[in-house]
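Colleague: quick check, what structure comes out for this input:
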Amino acid sequence: MVHYSTSRLDASFAALSDITRRGVLEQLGRSDASITELADRFHMTLTGMRKHVGVLEHAGFVTTEKVGRVRTCKLGLRGLEAEAAWIESYRQVWASRFDTLDRVVEDLKLREKRDE
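Modeller: The predicted model follows:
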């Protein structure tokens, strides 16, 4: 099994667990935006948006650059390959378990028909 950095996965999933942060990523996928623009768009205070951007920045999903008094946010360079691989490994485990369960159910149905 592939080994993953637990702290990186924790940061990623914590960042993605919030609907506002996912919305910020969607917005930044369309165009860069200042923290003020993001706060206005999501009807939040600047402090609240800074905290959300900080979580996204910590996870590597967003980078910020300050020019004068404006802090501009853009998508970071990090993708979701490790997270997708982690999810896929568990998808395979669960698929295997469901396949086994399907075989058990089919076996029980056959036995039921034989006993009728």
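
Colleague: residue ranges of the strands in this protein, please?
Modeller: Here the chain has its strands, by DSSP state E, at 33-34, 62-67, 70-75.

Colleague: so where's this structure uncertain?
Modeller: Residues of the chain meeting the criterion pLDDT under 70: 1-5.

Colleague: the same query, at a cut-off of 90, please.
Modeller: Flagging of the chain using pLDDT under 90 yields the residue ranges 1-9, 67, 76-87, 90, 107, 109-116.

Colleague: before we move on, back to that, export the strands of the chain to TSV and append columns for distance to residue 92 and mean neighbour count.
Modeller: Just so you know, the C-beta spots here come from the backbone N, C-alpha and C atoms, and that holds for glycine as well. Shown next, in TSV, are those (distance: least, C-beta to C-beta, whole Å; neighbours: other C-beta atoms under 10 Å):
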stretch	distance to residue 92	mean neighbour count
strand 33-34	38	18
strand 62-67	31	14
strand 70-75	29	16
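
Colleague: could you export those as JSON lines, including distance to residue 19?
Modeller: Shown next, in JSON lines, are the strands of the chain (distance: least, C-beta to C-beta, whole Å):
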{"stretch": "strand 33-34", "distance to residue 19": "17"}
{"stretch": "strand 62-67", "distance to residue 19": "16"}
{"stretch": "strand 70-75", "distance to residue 19": "17"}
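
Colleague: what's the closest of the ones you listed to residue 13?
Modeller: Nearest of the strands of the chain to residue 13, taken as C-beta to C-beta: strand 62-67 at 15.6 Å.

Colleague: and the angle from that closest one to strand 70-75?
Modeller: Interaxial angle, strand 62-67 versus strand 70-75 (axes from the mean of the first three to the mean of the last three C-alpha atoms, to 10 degrees): 150 degrees.

Colleague: alpha carbons only: can I get strand 62-67 in PDB?
Modeller: Only the C-alpha atoms of strand 62-67 are listed here, as PDB (Å, rounded to 0.1, in the frame of the first residue of the first chain):
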ATOM      1  CA  VAL A  62      -3.700  29.000  -2.400                       C
ATOM      2  CA  THR A  63      -0.800  31.400  -2.600                       C
ATOM      3  CA  THR A  64      -1.100  35.100  -1.700                       C
ATOM      4  CA  GLU A  65       0.900  38.100  -2.700                       C
ATOM      5  CA  LYS A  66       0.800  41.500  -1.100                       C
ATOM      6  CA  VAL A  67       1.200  44.500  -3.400                       C
END
